[in-house]
Structure formats: structure tokens, C-alpha cells
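[1] Got a predicted structure here, sequence first:
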Amino acid sequence: MMTRVGRSRGFTLVEMLVVISIIVVLVAILVPTIQSARESARQAQCRAQMNKLMAAMAEYKRQYRYYPPRPIYDDTRQLYIGGFSSLYPEFVETWDDMVCPDDRTIFGKEEEAKARRYCSYNGRINMADDPTSATPWDFDTDPDTGNQTITYNYNGFDVDGWDMDTPLVQGTDPLPTWLSAANRTWKHYPRLMNRYAPEYTVVCHCIFHRDFYSKAQDRRDLIVRLSNETEQIVVQNWQQPDGNGASLFQKQD
């Protein structure tokens, strides 16, 4: 009895190209979706950490009657002093809560950063731009304003959202027009130097999520207020001065 032995038929070149094309299209669709989901998860974690830090700051304020001072890097002690670093380890036991999940500045130097009491929410350090800098752990300087890139709002934010190196002083400087125009006084100045700062005061804004957005006009920060409310802001919108020459980083309402 004769039997027919069937021959297996392989893919043709055209069929293989079609399959590859379909895979490429699927990857192109799925990868941005996956990246977006991961970034959303990191931002959710960042919000949760901000809430923990604010709860710790409230306890700090109850004990010391003032908010932590402006953060500085003490090169002699090789330690961050002030800002959110004041909360660790007495008020914040877990150092990981001090570091934004999108902060790649200290990659590979986590243990060293922990020993120095580094906190993402204090601002951006020199290492972010040039790890070979003579002072890599000190705060970077914004080339446009000359202010250190400190995001902890102690002296008050400038237009770009950096804490001002030289604060405005009641009795010496005139009341900013953006306060007087809103029928407000010095006690309404939204900064942590003011121990009676209003609840809408922005305590800090996290700058480490910006790299996820390819276009400058889309870049977003997370902010946390004294009320412990967090929200996402479009950075460029907050940097635009109004008729009084003030940005939302300065007014904050």
C-alpha cells in the first residue's frame, strides 16, 4: 500500500515580513502604554511619599513651633541640614520615603546619599548635571535666575519655582503687588519662613518627573501644599507671569 508523505510547508518571505510588521506595530502601541502606566505608578508613589513627609513636618512644627529652615549642604560635615533632611530620622524613619522614584541623580550612590541625608524634595544638586563637579552634592544654580535650584519653599519661590536666595523682608521691601492686588498682607506670603503661612502654600514641587515628557510645554511637576493636598501642575503654565509680574509659583493660588 502506497502512503503519501506530506511535506511541511514553511513560511514564505512575504508571510514572515507581514508577521514582523504586525509585531512591530503592536510593540509601538504597547510600549508607550506600558511606560505611561509605570510613570503613573511612580507618580502615585511620589504623592504618597509627599503626604508622609507633610505629616512628619506637621509634627516637627508642633514640637519646634517653626518649619524646618532652608536646606543647605554642609560640606564640612558632609550632611544636608534643613529642609526635609531635618525630618530624618527622628520624624521620618524610612529614608526611601525621602527619594522620588523618578530621581536618577544618585543612581549607584544610594548608601552614600542616605548617609548624607539626601532628599529629592529639597531640590536639584550639582551631580544631576555634572557628577565630576568639585561640589557634586551641593545644590545646582539656575543659569537664568542665579538662584540655587532649591524646591523647598522657605524664602519664597521666584518665577521659575526656585527658592529665592535673598528673601523679601517686611519693613525693608515693599509689599509685592501680587499680594496687595489681592488685598493680602505679609502674613499671607506663601513661604515657610512665615510660621503662619496659609494652607495653600506650596511646600515643594518635585522636578524629577519632567524627563518623562518629551515636549517642554507638556512637562509636569507634582506639588504638595501645607494642607497636605497634592496635585499635578504644568510647569510652563506656572512660570508665566501675570499682569503684576508674578507667576503661579509665587502666588500659588
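    Happy to help now that I have it.

[2] what's around residue 217, how many residues?
    9 (other CB atoms under 10 Å). C-beta: built from backbone N, CA, C; applies to glycine.

[3] is it true that it touches residue 236?
    Yes: when contacts are counted by CB atoms under 8 Å, residue 217 is listed as touching residue 236 (5.2 Å).

[4] Apart from its chain neighbours, what residue comes closest to residue 55?
    Sequence neighbours aside, residue 228 is the residue nearest to residue 55 in space, at 7.0 Å (criterion: CB to CB, 6 or more residues apart in numbering).

[5] ok, now which ones touch that neighbour?
    51, 54, 55, 58 (CB atoms under 8 Å, 6 or more residues apart in numbering).

[6] helices and strands around the helix or strand the last one falls within, which ones?
    It refers to residue 58. Assigning secondary structure by DSSP states H and E places residue 58 in helix 13-64. When contacts are defined as 3 or more CB pairs under 8 Å, 6 or more residues apart in numbering; DSSP states H and E, helix 13-64 sits against strand 202-206, strand 220-225, strand 230-234.

[7] Go again with 7 Å.
    Applying 3 or more CB pairs under 7 Å, 6 or more residues apart in numbering; DSSP states H and E, one finds that helix 13-64 contacts strand 220-225, strand 230-234.

[8] who touches the next helix or strand after the shortest one?
    Sequence-wise, the next helix or strand downstream of strand 230-234 (DSSP H and E) is helix 235-238. Contact partners of helix 235-238, identified using CB atoms under 7 Å, 6 or more residues apart in numbering, comprise 161, 210, 216, 217, 219, 220, 221, 247, 248, 249.

[9] For the fifth one, give me the pLDDT.
    Going back to what we said before, that points to residue 219. Residue 219 is assigned a pLDDT of 97 by the prediction.

[10] Likewise for residue 27?
    The per-residue pLDDT of residue 27 was computed as 69.

[11] that older thread, now the helix holding residue 58 and strand 220-225, what's the angle there?
    Here the directions of helix 13-64 and strand 220-225 differ by 20 degrees (axes from the mean of the first three to the mean of the last three CA atoms, to 10 degrees).

[12] Low-confidence bits of this protein, can you list those?
    Low-confidence segments of the chain, defined by pLDDT under 70, are located at 1-11, 27-35.

[13] can you pull the contacts of the residue nearest to residue 66 when sequence neighbours are not counted?
    Distances taken as CB to CB, 6+ apart place residue 195 nearest to residue 66, at 5.3 Å, with adjacent residues excluded. Applying CB under 7 Å, 6+ apart, one finds that residue 195 lies in contact with 65, 66, 67.

[14] Noted, bye for now.
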